[in-house]
Each structure stands twice: as C-alpha cells, then as structure tokens.
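In: Any chance you can model this:
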Amino acid sequence: MSLAQPVPSLFGNPVDEEWLRERVDRALAAFVRDQERTLLAISPQLSPVCGTVRDFLLSGGKRLRAAFCYWGWRGAGGSLDESGAVAAAASLELLQASALVHDDLMDRSDTRRGLPSVHRRFEALHEAQGWRGDAAQYGGASAVLVGDLLLVWCDALFGDCGLPRGAVRRAKPLFDLMRTEVMAGQYLDMLEPAAAWSEPTPIERARTVIHYKSAKYSVQRPLQIGGLLADAPAALTEAYAAFGLPLGEAFQLRDDLLGVYGDPAITGKPAGDDLREGKRTLLVAEALAACGPADARLLDDHLGSPDLDAAGLARLRDVITRSGAPARVESRITALRAEALAALDAAPIADPRARAVLHRLTDAATARRH
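Out: Here you go, the predicted structure:
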C-alpha cells in the first residue's frame with residue numbers, strides 16, 4: 001500500500017533526511033518481519049494484523065521522533081554510523097504509531113495519511129467477509145489491540161536495539177516516563193471536551209495537554225533519550241529540555257492550525273477534522289476567550305458534532321478567525337521558536353552537524369504545511 005501523496009521534506013536538507021529516514025525504515029522493516037514470523041506462527045488468521053501494521057508503519061511518516069532521538073545522540077558525541085542508535089530511535093516510531101492508532105479511534109477519524117485509519121480498515125474487513133456481529137465494534141476492538149501490540153513492540157525494540165546494556169539502562173527510565181506522559185496527555189485531551197472546569201483556565205489546560213500529549217514525546221524526550229544513550233552530561237540533557245519543550249509546543253500549535261485551516265491534499269486529513277472531533281486546542285481556547293457570547297455559544301454547541309457539514313465548518317472557522325485566535329497562535333509559535341533557538345545556541349552540543357540539523361528541524365517544524 002502506498003501513500004496518497006509523498007511525505008514532504010521535514011529537514012530542509014534531503015541528504016540528512018533521506019539518509020536517516022532510509023535507515024530508520026530499514027530498522028523498522030527488519031523488526032516487523034521478525035514480529036510477523038512470531039504472529040503467523042501463532043495463527044495464519046493474524047495475517048490482517050501483520051498487513052495492517054506493515055502498511056501503517058512503512059508507508060509514510062516524517063520520522064520526527066526518530067530524528068530528534070538520533071540527533072540528540074549525535075549532539076552528545078554519539079558516532080555517525082551506529083545501527084544501535086538508529087534502532088533505538090526507530091522504537092519511538094512504534095510508540096508514535098501506537099498513539100496514532102488509539103488517537104484515531106478515540107477521535108473517530110476515518111483517515112490517516114490519506115489512507116483508512118486502522119479501526120476503519122478492520123471494520124471494512126469485517127463487512128467484506130460478511131462476519132457476524134457489529135462491524136464498527138470489531139474495528140474498534142481490533143484497533144485497541146493493534147495499538148497495544150505496537151506499544152509492546154516499542155519497548156522490545158528499544159531494549160534490544162544493539163547498544164550496550166549500560167546505555168539502554170541509562171535511558172530506560174526516561175523512555176518509560178515518556179510513555180506515561182503521553183498516556184496522561186491523551187486522557188486529559190479526551191477529558192477536556194467532556195468535563196466542565198473553572199480552574200485552571202481553558203488556555204492553561206490546553207497548554208498542559210500540548211506538553212504531555214505532544215511536545216514532550218515528540219521533541220523533548222526523544223532528544224534527551226538520544227543524549228542519554230550517548231552518555232550526555234547533565235548540562236546537555238537540561239539544554240535539550242529547554243530547547244525541546246518550546247519547540248514541541250510550537251510544533252503542536254502548527255498542527256492545531258493545520259487541523260482547522262490545512263489543505264487535505266497536503267495534510268492527508270479531511271478539512272476541519274479537529275472541529276468535527278471536538279478538539280479543545282489552544283486555538284479553540286483562545287477563540288472562546290476572545291469572542292462574544294453568541295459566537296462562543298455557536299462554537300461551544302457545534303464543536304465535536306460528527307455530522308458537521310461544510311457550511312457548519314465554514315461558520316466555525318469564521319468564528320475562530322474573527323476572534324483573532326489564529327494570529328495569537330501564530331505569535332506564540334514565533335515566540336516559542338525564538339525561545340527554542342536561544343536554548344539551542346547555548347547548548348553544549350559536541351557535533352556541529354547535529355547543531356545545524358537541529359536548527360533546520362526547528363525551522364521546518366514551525367513553518368510546515370503538513
């Protein structure tokens with residue numbers, strides 16, 4: 001299965017990008033082949049699980065988390081051609097895949113990267129085979145299990161990446177904390193549209209969700225894990241934290257803008273999907289804080305409606321735009337980018353090439369269109 005569109009460049013440098021992406025893809029493909037043998041030895045009826053995992057993992061993706069982990073390793077003095085570091089970085093893509101499978105199910109998303117989401121794929125399999133029972137329930141249950149399987153596999157690949165045991169043990173506590181943080185962030189994201197809270201403010205709550213659901217596990221923790229694998233000094237892991245958190249937040253804020261205003265041909269997701277899913281992003285929180293009572297009521301009443309049509313989406317976009325929220329979010333992205341770059345400039349990074357790549361990643365992550 002191929003992507004509906006190619007994955008655009010993230011690094012801004014095709015040499016660095018393609019070299020690392022190819023190595024990460026090879027590491028993932030070899031790992032998945034080994035795991036497929038285990039599954040098929042249990043039962044040939046697990047073949048659809050194998051095919052779904054293979055397609056989901058190997059047919060696209062920016063490999064962002066793997067990139068930050070690998071360049072965190074290089075920035076701490078790790079060697080260029082170390083297959084163990086690449087495999088450890090690749091394990092973060094299994095965590096990302098697990099989170100996406102579960103996220104799509106919780107958000108009732110139909111597509112991912114221009115293809116059917118995992119729960120929709122198994123729902124369609126159930127219908128095509130004419131099996132008994134409820135096809136949607138089967139698809140959802142299958143997605144839970146596939147996501148759990150990917151979560152198990154990310155631990156297996158990290159633990160057996162090929163680096164010395166001491167290096168893996170040094171980074172494992174942070175690897176485990178990262179996985180706890182993303183699950184906590186997922187829960188808080190799910191809680192936000194369901195519960196009515198007065199404190200902290202919606203804007204503060206939205207930032208907490210961003211930090212734990214996205215920023216930490218997308219940028220900050222991968223950088224620190226890569227550094228720890230290379231025995232980074234405390235000063236560097238602290239600098240990675242100071243660089244990674246604002247960059248991760250800016251990355252997610254860009255994602256929030258794309259979720260409302262992005263081009264589906266580029267993002268691979270239907271236009272306005274975040275509004276249909278009822279995501280209480282910082283963009284939405286800023287809009288609700290600034291718009292008048294009638295607009296706030298319209299946004300609050302219709303956000304998360306699964307039958308929101310094109311006209312309804314246009315009305316919600318208009319409310320958000322007139323509130324000035326997109327401009328405020330853009331300003332925050334600019335400020336976060338400056339904060340991240342200042343931390344990067346001050347970081348005691350051992351490899352000049354790693355510093356240059358991290359600088360390019362900062363530019364690409366905050367200005368991307370996908």
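
In: Next, please give the residue ranges for the strands of the chain.
Out: With strands called from DSSP state E, the chain shows them at 111-112, 115-116.

In: Would you mind giving the ones you listed as JSON lines with distance to Val168 added?
Out: Backbone N, C-alpha and C define where each C-beta goes, glycine included. Formatted as JSON lines, the strands of the chain follow (distance: least, CB to CB, whole Å):
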{"stretch": "strand 111-112", "distance to Val168": "30"}
{"stretch": "strand 115-116", "distance to Val168": "33"}
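
In: what would these look like in TSV with distance to Gly272 and mean neighbour count?
Out: Below are the strands of the chain laid out as TSV (distance: least, CB to CB, whole Å; neighbours: other CB atoms under 10 Å):
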stretch	distance to Gly272	mean neighbour count
strand 111-112	13	19
strand 115-116	19	19
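
In: now this structure, which segments are flagged as low pLDDT?
Out: 1-17, 196-199, 267-268, 369-370 (pLDDT under 70).

In: and Leu358, how far is that from Ala241?
Out: 14 Å (CB to CB, to the nearest Å).

In: Same check on Ser117?
Out: Ser117 is 33 Å from Ala241, by CB to CB.

In: repeat for Gln35
Out: 33 Å.

In: now Gln220
Out: Gln220 is 6 Å from Ala241, by CB to CB.

In: So for the two, which sits in the more crowded spot?
Out: Shown here are Gln220 and Ala241; by other CB atoms under 10 Å, Gln220 has more neighbours (26 against 16).

In: Name the nearest residue to that one, sequence neighbours excluded.
Out: By the measure of CB to CB, 6 or more residues apart in numbering, the closest residue to Gln220 outside its immediate chain neighbours is Gly244, 3.1 Å from it.

In: who touches the one you found in this structure?
Out: Going by CB atoms under 8 Å, 6 or more residues apart in numbering, Gly244 touches 68, 215-216, 219-224, 340.

In: I'd like the distance between it and His211.
Out: For Gly244 relative to His211 (CB to CB), the value is 11 Å.

In: just to revisit the earlier point, ok, which of the strands of the chain comes nearest Leu149?
Out: strand 111-112 (16.8 Å; CB to CB).

In: What strands line up against the closest one, and which way round?
Out: Applying DSSP bridges, strand 111-112 is found paired with strand 115-116 (antiparallel).

In: Look at the nearest residue to Arg120 once chain neighbours are set aside and say how many residues are nearby.
Out: Spatial nearest neighbour of Arg120, chain neighbours left out: Asp110 (5.6 Å); criterion: CB to CB, 6+ apart. For Asp110, the count of nearby residues is 15 (other CB under 10 Å).
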